[in-house]
Each structure stands twice: as structure tokens, then as C-alpha cells.
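In: Provided below are the primary sequence and the corresponding predicted coordinates.
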Amino acid sequence: MKEKLEQILKDAEKEINCAASVQCLENVKIKYLSRKGELNTIKKNLKDLSDEDKRVIGSLANNISNQLEQMLEAKNEELYKIELNKKLLEEKIDLTLPSDYTPQGKVHPLTQTINEIVEIFQGLGFSVMPSEYSPEVETEYINFDMLNFPPEHPAKDMQDTFYTKTAPNVILRSQTSGAQIRQMLNQKPPVRVISPGRVYRCEAVSARKNNLFHQIEGLLVDKDITFGDLKGILNEFVRIYFGSARPTRFRASYFPFTEPSAEVDVQCIMCGGKGCRTCSGTGWLEVLGSGMVHANVLKNVGIDPEIYSGFAFGMGVERLTMLKYAINDIRLFFNNDIRFLRQF
Ligand code: DAH
């Protein structure tokens, strides 16, 4: 048994030295030191020996098992270092290599403004009107007549309209206000909606005017709605959109579909109210039109103006974006110059 143990030590030593990897070494360990390994098999047979032999052989077996553990550990450390170095070499990263360029898209500034305004009004209890109430190709009837523009009234000249040749009285809508009509024809009060969309006007393109632009229409109709409600909502909107530091004012105005009507101005961002070219010397810039829904409009859609009242407003998305970021040319939104768009 003694010889057998010495043979085990020799064999194991050889195998440990020859092991080429941590995994090989682990196999050697299992072969000699595990519960079913060779040393244990001998230890199990000790019970058949005399007491004296038990002591001598037992201690030798323990001795050998300790030696093997130490050898395995030393070899393991050596192999681990070698493998680690090899791995580090293989996986070396060249930090000076240029990385893959993945250009990131951005949301168009006008879409950003629309999203922001929609979110503000959602916070004030408004929901977005279904898009089918807000078509860009519209009838003159909805765009003008139902909104209390009298036939042939000079008010129609306020907005130069694109007419189609294919169908009489079919136009590209000049304002989003027609959406009010479609909404009220489809829903009885209470109504509390906004509707963003494109509008078209036949005008010469300049730094201030484009023949396609965007508006956001708002409409609230219920019992006991007053001009105070209109002022409260619009003041809150301007405060959130521009920040509380920007002075605003309501100025009496005229729209055929509201009575009374008001325009909201904010203090000019260019001159801070002193008067400059941007604000034509007034110190104020108009940001939206609004008013109490005209009794005739309510009657046109079958809502009794004796029972219900409401307010409406319409704002220009380009204008609001230009005022917020001090952009001086509306055409920048439509030229798709990446150097401009990238800034938002
Ligand atoms: N539609 C008007 C325009 O394009 C803006 C407007 C004014 C909308 C007053 C409204 C309103 O809803 O109440 O000039």
C-alpha cells in the first residue's frame, strides 16, 4: 500500500506538471482527490489493516493528499496567469480606432412645438380632436360659411385661399377653425378639444410668411363659460409655454366666428418691449387669436346659445416657435437644412 501511495504521488505529480490548462488540472484533481478518487479509495481500505499500519499508511495518505493540494494550487495559479495573459492579448482593444458613426435623427422643431403645446393643453383638461374632423382639403362651406363669414363678405379677403379646379367650393383650408364646426356637429357639449394641423394661404413667400404653415385650434363649449375662463386658460398656456417672466396682454380684435374677439400679445423677445424692427416698434408680438364662440356659429351646428357658451382660439405654430427661439425667417422650417434642424 505504501508503494501504491508513492506511485500515486509520482503519477499525480507528473500529470499536474503536464496539465496544459486550468480545465485539465481540474480533471487531475478529480482523478486523485475527489471522494471517488484514488487516494480516497485507499483511505477506505485502511479499515482492513492492523492498527500500526493504519497509523503509518493513514498519515502517509494524508501527507500525500496535502502535497497534491499544494501542487495543484501552485500549478493552478500558474496556469490561470498564463490563460489570463493570453486572453488579454487576444481581446486587446485599440482605443484609438474610430467608432461606428450612427447619426441620430431629431424631431422637427415644429413637431416639437406641437407636441409641447398639445401636452400643455392636455394638462389643462383638453383632448386632441379626431383627425377626421380636421381635413386639409375642406369645403368653403365649413371653412367660411359655417364660421359666420357672410357670403362675399370682405372678411373672406383676410385670408387668400387656394381654390381647387376639380370641384367647385373645395379649397385647401386657410385655417384650422373649420375643425370646430366638424367637432360640434359630431359632439354635443361639453366639448373641450384642440386640433393641430396644416393650413394653406396663397401669399408671396417671405421671411415672415409661407404659403403652408401650422395652426393649433382650441374649442371649449359648456354651460356658463365666460371670457374670464378664456383669459384664465390662455394666460396659463402662455405662462407655461414662454415662462412666467414674459409679460402678455389681451387686445380687442375681430374674427367673424367670435364675439367678443381678442388677440394675445407677448412682449417682444428681441427688444424686451422697447420697440424694434421685429415688433414694428410696438414692443409687442401677436401670438394667437381668440374669442367667445359667436352665437351664430353655435346655431349653425345646432347648439342653443341660450343654454351654452364657449370660447375658441387659434395659434400659429411657426410663429410660436420663432418667438421662443428667436428665429427670424419662417422659411428655415421648410428648407430642410440639417445645420438648422440639428440645433433643436
Ligand atoms: N382662424 C384664425 C386665423 O387663422 C385664428 C383664430 C382666431 C382662431 C380666433 C380661433 C379664434 O379659434 O377664436 O387667423
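Out: Right, received. Where do you want to start?
In: tally of neighbours for the residue of the stretch 51-200 of the chain found nearest the ligand?
Out: For the stretch 51-200 of the chain and the ligand, the shortest gap (CB to the nearest ligand atom) falls at residue 175, measuring 3.6 Å. C-betas here are computed from N, CA, C, even on glycine. Residue 175: 24 surrounding residues under other CB atoms under 10 Å.
In: Repeat that for residue 151.
Out: 8.
In: By average pLDDT, which secondary structure element in the chain comes out worst?
Out: helix 38-45 (a mean of 83; mean pLDDT, DSSP states H and E).
In: Beta-bridge partners for the residue nearest to the residue of the stretch 51-200 of the chain closest to the ligand when sequence neighbours are not counted, please?
Out: Leaving aside its chain neighbours, residue 175 sits nearest to residue 199 (5.6 Å; criterion: CB to CB, 6 or more residues apart in numbering). Beta bridges link residue 199 to residue 213 when assigned by DSSP bridges.
In: Could I get the contacting residues of residue 199?
Out: 136, 172-176, 212-215 (CB atoms under 8 Å, 6 or more residues apart in numbering).
In: if we go to 6 Å?
Out: Taking CB atoms under 6 Å, 6 or more residues apart in numbering, we find residue 199 in contact with 173-175, 215.
In: can you check residue 296 too?
Out: Residue 296 is in contact with residue 148, counting by CB under 6 Å, 6+ apart.
In: List the buried residues for stretch 259-273?
Out: Residues of stretch 259-273 classed as buried by neighbour count (16 or more other CB atoms under 10 Å): 261-270.
In: Turn those residues into CSV, columns for distance to residue 31.
Out: Formatted as CSV, the buried residues of stretch 259-273 follow (distance: CB to CB, whole Å):
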residue, distance to residue 31
261, 96
262, 94
263, 93
264, 88
265, 91
266, 86
267, 88
268, 89
269, 83
270, 87
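In: where does the protein come near the ligand, residue by residue?
Out: 175, 177, 217, 255, 258, 289-291, 312-314 (CB under 6 Å from any ligand atom).
In: right, and out of those, which lies closest to residue 195?
Out: For the residues of the chain next to the ligand, the residue nearest residue 195 by CB to CB is residue 217; the value is 4.6 Å.
In: Return the set of buried residues in the helix or strand where that closest one lies.
Out: Here residue 217 sits within strand 212-222, counting by DSSP states H and E. In terms of neighbour count (16+ other CB under 10 Å), strand 212-222 has its buried residues at 213-221.
In: Point out the other helices and strands that that strand packs with.
Out: strand 191-200, strand 309-316 (3 or more CB pairs under 6 Å, 6 or more residues apart in numbering; DSSP states H and E).
In: what pLDDT, on average, does the helix or strand just after that strand get?
Out: Towards the C-terminus, the helix or strand next in line after strand 212-222, according to DSSP H and E, is helix 227-242. In this model, helix 227-242 has an average pLDDT of 95.
In: and the angle from helix 227-242 to strand 191-200?
Out: Interaxial angle, helix 227-242 versus strand 191-200 (axes from the mean of the first three to the mean of the last three CA atoms, to 10 degrees): 60 degrees.
In: ok, the residue nearest to residue 284 when sequence neighbours are not counted - contacts?
Out: Spatial nearest neighbour of residue 284, excluding adjacent residues (CB to CB, 6+ apart): residue 265 at 3.9 Å. Residues near residue 265 by CB under 6 Å, 6+ apart: 249, 251, 284, 286.
In: again, only this time at 10 Å
Out: By CB atoms under 10 Å, 6 or more residues apart in numbering, the contact list for residue 265 reads 238, 247-251, 279, 282-288.
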